[in-house]
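[1] Sharing a model prediction with you, sequence too.
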Amino acid sequence: MELSGIKKAGFYPIDGETYGQPFPEGVGGCAGFRIPGLIKLSDGALFATTDARYDCPGEDCGGIDTMFALSTDGGERWTAGYAAYFPDSLGTPGDLRDATICIDPMPVETPDGTLHIFVNLGPTGVTTALKWPGAGSGFINVEGVRRLAVTDDLAHADSSPESFPYYIGDPSDGFSPVIDRANGENTGFAVDGFFNLYRVSADGFEALTQPQTDTGSRIVQNLFYRDSELHVYNTMYTLQVSSEDRGKTWNWRLVSIKLQDETGVISSPGNGLVTSDGVVVLPFYAMDPDISVLRSFLVFSEDNGNSFFRSSYVPSVAEIPNSSESKPVELPDGTLRLFFRSSTRRICYADYDRTENLWSEPKALPVLVHSDCNFGALARGDRIFIAYARGVGACARSRSHGRIYVFRTDEHKKMLLYDVFPVTDDAFSYAVLADVDPSTLAVLYDTCADGKVIFKKIAADSSE
């Protein structure tokens, strides 16, 4: 990620191994982590993801990158790296508005064996915590093709992308030209696959540079940096980071899944799902600027993550008015059941009919949890495992007391509480579950503001 000593955005491999934990303090030069993701790969390996939050883990603001770790021995040893790295700041910037943000990674392995991480990418300063994303996708239609819109005026970056003078053309030999909309000609600028910015001349591609926030060191300009010569629209983007070689190299692309009237559309971190018939299912949610309306929905791919279509929103009912971060599971008869975060202090869910694009009425289970928190969900036959923060007291306050709740589904698909496994009585915030073997589950969870992501194995025999 360096060009003659000048850092640029991209992926970043880390030499060496960690033992027992995928993201111990200090790996990759990072002190704090949050938002775990975990899947078991088709070859049996475990693949984990996290937000690299440096020295400010409790803030959903600038200076966050996406890290991954791979274990081929059931979690004893891990090798880690950065799947998405933006060096516009050296870790957390002094002002949290002064850097890009890659937040809430969602890993999935498609049936062709490719690894993908879907993560929310915001230009400098654009987050749902500080500067709210603009409505729409940031793409424009040029002769029937969706193109990423670009402006050379930062003050214009909040305006409609339809008024932007430039767009990104088709890639060739690793570079995509910046095209002038007025005449369809090249502007003399180009970007690489990581949105780093270059000037094109007879001698080739010259990287443009700018100062790094807080340090003044030179870095390569990027379409997502505030101080670069060209800028994208100020909204939140979905970045798809893909690897065909188990994380040795990564390719990036922006996925346009937002509707034109949507502002904050956010991936549900933890993991995606691949159904028994090979369909990739990705959980997302939309949130309005005043955070009064939150609506879960699903995104599907039938071609290994090359194209996508989305479901309708999970409906709201009086007792369950909102839905946000979620986890889909597949029941034995093929039904998709989506468990989602709410403000009800209950585990909530709804079933989705792919044929009719219809949801069942949401239901809440009679299990008290700290539901203002993300969670893990995993199906094994007629059993569903859900990792949640139980919290403390009658109101289930605090992100703590992690438990794995085990439900059985009967012939009517009704959920019956069957067992509860303790994980910890200490801090327990966002969590995710994965299979290790028929007798063992893996749980990866974070401790919120403490900045630790912790891996544990839990005995959970499925041979009954």
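    Nice, I can see it.
[2] which ones are touching residue 390?
    368-370, 396, 400-403 (CB atoms under 8 Å, 6 or more residues apart in numbering). For every residue, glycine as well, the C-beta is placed using N, CA and C.
[3] Please tell me which one of the residues you listed counts the most neighbours.
    Most neighbours among these, by other CB atoms under 10 Å: residue 402, with 29 neighbours.
[4] shouldn't it be in contact with residue 432?
    No - using CB atoms under 8 Å, residue 402 is not in contact with residue 432, being 11.7 Å away.
[5] Are we agreed that residue 155 is in a strand?
    No - checked against DSSP: H, G, I helix; E, B strand; the rest coil, residue 155 lies outside a strand; its state is helix.
[6] list the contacts for the closest residue to residue 84 other than its chain neighbours?
    Spatial nearest neighbour of residue 84, chain neighbours left out: residue 66 (4.0 Å); criterion: CB to CB, 6 or more residues apart in numbering. Contacts for residue 66 (CB under 8 Å, 6+ apart) come out as 49-52, 82-85, 102, 105, 117, 119, 241.
[7] What residues are bridge-paired with residue 66?
    Residue 66 forms beta bridges with residue 51, residue 84, as assigned by DSSP bridges.
[8] Residue 33 now?
    residue 52.
[9] so how many other residues sit close to it?
    Residue 33: 27 neighbours (other CB under 10 Å).
[10] Could you measure from residue 360 over to residue 340?
    Distance, residue 360 to residue 340, by CB to CB, to the nearest Å: 13 Å.
[11] before we move on, the earlier item: joint contacts of residue 402 and residue 432?
    Common neighbours of residue 402 and residue 432, counting by CB under 8 Å, 6+ apart, are 387, 443, 445.
[12] Residue 449 should be in a helix, yeah?
    Yes - judged by three-state DSSP, residue 449 forms part of a helix.
[13] that older thread, can you tell me how far the residue nearest to residue 84 is from residue 18?
    17 Å.
[14] Same check on residue 127?
    29 Å.
[15] neighbour count winner among the two?
    A direct count of neighbours by other CB under 10 Å for residue 127 and residue 18 places residue 127 higher, at 24 against 17.
[16] how's this structure carved up into domains?
    Domain assignment for the chain by automatic domain parsing gives 2-136+235-459, 139-220.
[17] follow-up on the earlier one: list just the nearest of the contacts of residue 390 to residue 97.
    Nearest to residue 97 among the contacts of residue 390 is residue 370, at 29.7 Å by CB to CB.
[18] pLDDT below threshold where in the stretch 351-464 of the chain?
    Regions of the stretch 351-464 of the chain meeting the criterion pLDDT under 70 cover residues 461-464.
[19] rewinding a little: most tightly packed of the domains of the chain?
    domain 2-136+235-459 (a mean of 19; mean count of other CB atoms under 10 Å).
[20] thinking again about what came up before, I'd like the shared contacts of residue 402 and residue 432 laid out as CSV, including secondary structure and distance to residue 199.
    CSV is the format used below for those (DSSP: H, G, I helix; E, B strand; the rest coil; distance: CB to CB, whole Å):
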residue, secondary structure, distance to residue 199
387, strand, 50
443, strand, 49
445, strand, 46
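[21] Span of stretch 226-237 from start to end?
    Criterion CA to CA, to the nearest Å; first-to-last residue distance in stretch 226-237 is 16 Å.
[22] and it, how far out from the chain's middle?
    Distance, stretch centre to chain centre, for stretch 226-237: 20 Å (CA atoms, centre = their mean, to the nearest Å).
[23] Sheet partners, orientation included, of the lengthiest strand in the chain?
    Counting residues, the longest strand in the chain under DSSP state E turns out to be strand 415-427. Paired strands of strand 415-427, with direction, are strand 400-409 (antiparallel) (DSSP bridges).
[24] Could I get the contacting residues of residue 314?
    If a contact means CB under 8 Å, 6+ apart, then residue 314 has 295-297, 323, 326, 338, 340, 350, 359, 362 as its contacts.
[25] now, which of the residues you listed lie within strands?
    Those of the contacts of residue 314 mapping onto strands are 295-297, 326, 338, 340, 350, 359, per DSSP E.
[26] Tell me the one among those residues nearest to residue 420.
    Nearest to residue 420 among these: residue 340, at 20.5 Å, using CB to CB.
[27] is it true that that closest one touches residue 326?
    Yes - Residue 340 sits in contact with residue 326 when judged by CB under 8 Å, with a separation of 3.8 Å.
[28] shaky segments in the chain?
    Using pLDDT under 70, the flagged stretches of the chain are 1-4, 461-464.
[29] Please repeat the previous calculation with a cut-off of 80.
    1-5, 291, 394-395, 461-464 (pLDDT under 80).
[30] quick one: residue 435 and residue 441 touch, right?
    Yes - between residue 435 and residue 441 a contact is recorded at 6.6 Å, counting by CB under 8 Å.
[31] Would you map the helices across this structure?
    Using DSSP state H, the chain contains no helices.
[32] about what we covered before: residue 229: which of the domains of the chain is closest?
    The closest of those to residue 229 is domain 139-220. By CB to CB, the value is 6.3 Å.
[33] tell me which of the ones in strands among the contacts of residue 314 is nearest to residue 34?
    Nearest to residue 34 among the ones in strands among the contacts of residue 314 is residue 326, at 18.3 Å by CB to CB.
[34] dump the residue contacts of that closest one.
    Under the criterion of CB under 8 Å, 6+ apart, the contact list for residue 326 reads 268, 283, 285, 296, 314, 338-341.
[35] redo that, cut-off 6 Å
    Each residue near residue 326 by CB atoms under 6 Å, 6 or more residues apart in numbering is listed here: 268, 283, 296, 338, 340.
[36] Contacts only, for the fourth one.
    Spelled out, that is residue 338. Going by CB under 6 Å, 6+ apart, the list of residues near residue 338 reads 326, 328, 350.
[37] Repeat the analysis, applying 10 Å as the threshold.
    268, 273, 281, 283, 296-298, 311, 314, 323, 326-329, 348-352, 359-360, 362, 377 (CB atoms under 10 Å, 6 or more residues apart in numbering).
[38] where exactly do the strands run in the stretch 101-250 of the chain?
    Under the criterion DSSP state E, counting those that start in this stretch, the stretch 101-250 of the chain contains strands at 101-109, 115-122, 139-142, 145-150, 166-168, 175-180, 186-192, 197-201, 204-207, 209-211, 218-220, 237-243.
[39] could I get the ones you listed as JSON lines with distance to residue 418?
    Output for the strands of the stretch 101-250 of the chain, formatted as JSON lines (distance: least, CB to CB, whole Å):
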{"stretch": "strand 101-109", "distance to residue 418": "27"}
{"stretch": "strand 115-122", "distance to residue 418": "32"}
{"stretch": "strand 139-142", "distance to residue 418": "46"}
{"stretch": "strand 145-150", "distance to residue 418": "47"}
{"stretch": "strand 166-168", "distance to residue 418": "52"}
{"stretch": "strand 175-180", "distance to residue 418": "53"}
{"stretch": "strand 186-192", "distance to residue 418": "52"}
{"stretch": "strand 197-201", "distance to residue 418": "55"}
{"stretch": "strand 204-207", "distance to residue 418": "58"}
{"stretch": "strand 209-211", "distance to residue 418": "57"}
{"stretch": "strand 218-220", "distance to residue 418": "53"}
{"stretch": "strand 237-243", "distance to residue 418": "36"}
